[in-house]
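Undergrad: heads up, no residue letters with this:
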């Protein structure tokens with residue numbers, strides 16, 4: 001709920017425990033306090049040194065801020081959250097993004113997440129940037145279909161698509177850990 005020591009200006013606020021740093025546990029005190037202690041002690045609270053792009057038609061700013069809070073970076077003067085793939089693809093051509101996370105279903109008449117991944121993959125390869133692209137969705141069947149199609153199309157699978165990237169269980173710190181494996 002708090003980003004950069006500020007509470008975003010909204011008419012209402014929702015405590016979204018399911019998408020926090022860790023999955024909710026028995027008590028709110030344990031959920032809020034213990035994970036931060038563990039993150040700091042295990043040196044997992046710092047910056048990962050990679051910029052992030054989030055594409056989601058419903059709440060890109062919320063996903064983006066969660067990822068920034070977990071240690072991804074934003075590049076000054078460069079937008080990091082997008083509501084559609086077309087705008088995100090234009091930004092990808094102009095800017096530099098190390099990691100891309102996109103929803104699969106982005107509204108009627110819009111470019112879908114799978115097509116966006118295929119095109120973003122080609123842009124990153126052409127620019128000499130190691131493609132670190134992942135999809136997420138509330139629909140496990142769609143995630144599996146995406147994984148199969150991307151594998152058949154030759155797009156290298158960077159992240160495990162099904163287990164970690166269902167939006168219902170997605171956490172920023174788990175995603176950050178998956179991305180950090182690509183740095184080794």
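TA: The structure has been received and is ready for your questions. Just so you know, these numbers come straight off a predicted model, no measurement behind them.
Undergrad: Helices of the chain, residue ranges please.
TA: 28-41, 60-70, 85-94, 113-126, 140-152, 172-181 (DSSP state H).
Undergrad: looking at these, which is buried most?
TA: helix 60-70 (a mean of 21; mean count of other Cβ atoms under 10 Å). Quick note: C-beta positions are derived from backbone N, CA and C, even for glycine.
Undergrad: now for that helix, which elements pack on it?
TA: strand 52-55, strand 81-82, helix 172-181 (3 or more Cβ pairs under 8 Å, 6 or more residues apart in numbering; DSSP states H and E).
Undergrad: Next, the angle helix 60-70 makes with the last one.
TA: Angle between the axes of helix 172-181 and helix 60-70 is 70 degrees (criterion: axes from the mean of the first three to the mean of the last three Cα atoms, to 10 degrees).
Undergrad: circling back to that earlier point, could I get the helices and strands packed on helix 60-70 in TSV, plus columns for distance to residue 69 and mean pLDDT?
TA: As requested, these are exported to TSV (distance: least, Cβ to Cβ, whole Å; pLDDT from 0 to 100):
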stretch	distance to residue 69	mean pLDDT
strand 52-55	11	96
strand 81-82	14	96
helix 172-181	7	85
